[in-house]
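>>> Sequence first, then the predicted structure:
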Amino acid sequence: EVARQAVCSTATDDEMSCLPAHSSGATSWLSILQRYEHLLLFDVLMGGCIEYRNGDKRTVRALSNDHYCSAASSYPMMS
């Protein structure tokens, strides 16, 4: 219940509308809260010369200056 309240009190209406319809139960709300606390996660790396820095999906690094690469997140970002 605490996790649900934390998410509902900080998420915008647009963010709440993106949540899965089955987001009920403690496990679901805890996982949503954990993801919500770390919004900037790069879950898609494109190109052969890019990697997560120390396995952390919040930071990436290019391995070469000779190739193009990109990182993207499937989660909406807010400023």
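Yes, it's here.

>>> Tally up the residues packed near residue 66, please.
Residues lying near residue 66 (other C-beta atoms under 10 Å) number 7. (C-beta placed from N, C-alpha, C; glycine too.)

>>> no no, residue 10
Residue 10 has 11 neighbours, counted by other C-beta under 10 Å.

>>> repeat for residue 7
Neighbourhood size, residue 7 [other C-beta under 10 Å]: 20.

>>> Distance-wise, check it relative to residue 14.
The gap separating residue 7 from residue 14 is 14 Å, by C-beta to C-beta, to the nearest Å.

>>> which stretches of this protein have low pLDDT?
21-27, 36-39, 75-79 (pLDDT under 70).

>>> looking at this, residue 45 is in a strand?
Yes. The assignment for residue 45 by DSSP: H, G, I helix; E, B strand; the rest coil puts it in a strand.

>>> now it: how far from residue 66?
Computed with C-beta to C-beta, the distance linking residue 45 and residue 66 is 17 Å.

>>> Equivalent analysis for residue 52, please.
With distances defined as C-beta to C-beta, the gap from residue 52 to residue 66 amounts to 20 Å.

>>> Please apply the same query to residue 55.
With distances taken as C-beta to C-beta, residue 55 is found 24 Å from residue 66.

>>> and if you look at residue 19?
41 Å.

>>> for residue 6, same thing?
For residue 6, the distance to residue 66 (C-beta to C-beta) stands at 45 Å.
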